[in-house]
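Engineer: Have a look at this prediction, sequence included:
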Amino acid sequence: MDETRQRDREGTRRRILDAARDLFAELGYDQVTMRLIAAEAGANVALINRYFGSKRELFAEVLAAQGRFPGILDGPPEELSRRLAEYVADRLSSERASPVMAALISSSSCPEIHEIIRDRVSSAILEPLAARLPGPDAVFRAAVATALITGSGTLRQLYGADGVAVPGREVVVARLETVFEACLRA
């Protein structure tokens, strides 16, 4: 394939993904149409179908583009609670909300995509975390920590960075570290 055509294809695909992410975050899955995505991306509806197959598959691709916990789960096991606490503290005070978390929240009432959301949370957070926990009930302990992580994203999405009086990063990290230690301990 010609290099220019390949770059155009990749650029169009990226524009579609970006438009879909933003629209799913703002309006929720049910309110977004393929035509709306196409208009926002400056692309043809047929290209969306060719690249992604369906709106459901496009939503799954938007979630997959977020990636996993970058570096959070790597490192010494005895520092895992601290790394998770820092991650959540940083998300709570971030000026920029996660568009993927916004898409999850605004789309969570749609049964058509519950399986996609559950699979994404499992593959990105719960399963990798459980795999790093020694002892019995690792999946349960990882699920409790995952609830805290996803719940903090929901809190951030609902209230914004300034919506909750946060006493300072180190205070938040220390408190969250204690909670994560309790969640993860065998």
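Structural biologist: Structure's in. What do you need?

Engineer: Surely Asp18 touches Ala41?
Structural biologist: Yes: at 7.3 Å, Asp18 counts as touching Ala41 under the criterion of Cβ atoms under 8 Å. Any C-beta I mention is one placed from the backbone N, CA and C, and that applies to glycine too.

Engineer: need the contact list for Ala143.
Structural biologist: 126, 130 (Cβ atoms under 8 Å, 6 or more residues apart in numbering).

Engineer: Kindly apply the preceding question to Arg141 instead.
Structural biologist: Counting by Cβ under 8 Å, 6+ apart, Arg141 touches 130, 133, 183-186.

Engineer: Ile48: which of those is nearest?
Structural biologist: Ala130 (35.2 Å; Cβ to Cβ).

Engineer: So between Asp18 and Ala41, which is more surrounded?
Structural biologist: A direct count of neighbours by other Cβ atoms under 10 Å for Asp18 and Ala41 places Ala41 higher, at 21 against 15.

Engineer: pLDDT averaged over the longest helix seen in the chain, what's the number?
Structural biologist: For the chain, the helix with the greatest residue count under DSSP state H is helix 3-27. Mean pLDDT, computed over helix 3-27, is 86.

Engineer: And the helices in this protein?
Structural biologist: Going by DSSP H, the chain shows helices at 3-27, 34-41, 45-52, 55-65, 80-93, 99-107, 114-121, 127-131, 138-159, 169-184.

Engineer: And those helices: which comes nearest Leu73?
Structural biologist: helix 127-131 (5.5 Å).

Engineer: so what secondary structure elements neighbour that closest one?
Structural biologist: Here helix 127-131 touches helix 138-159, going by 3 or more Cβ pairs under 8 Å, 6 or more residues apart in numbering; DSSP states H and E.

Engineer: what about Ala39, how many neighbours?
Structural biologist: Other residues near Ala39 come to 13 when the count uses other Cβ under 10 Å.

Engineer: meant to ask about Pro99, not that
Structural biologist: 19.

Engineer: Same check on Asp119?
Structural biologist: Other residues near Asp119 number 14, with proximity taken as other Cβ under 10 Å.

Engineer: re the thing from before, which pair in the contacts of Arg141 spans the largest distance?
Structural biologist: Ala130 and Arg185 (14.0 Å).

Engineer: Show me the contact partners of stretch 46-60.
Structural biologist: Contacts of stretch 46-60 (Cβ under 8 Å, 6+ apart): 12-13, 16-17, 20, 24, 29, 32-34, 37-38, 41, 61, 103, 107, 112-113, 116, 120.

Engineer: er, stretch 149-156 I mean
Structural biologist: 84, 87-88, 91-92, 94, 97-98, 101, 104-105, 121, 125, 164.
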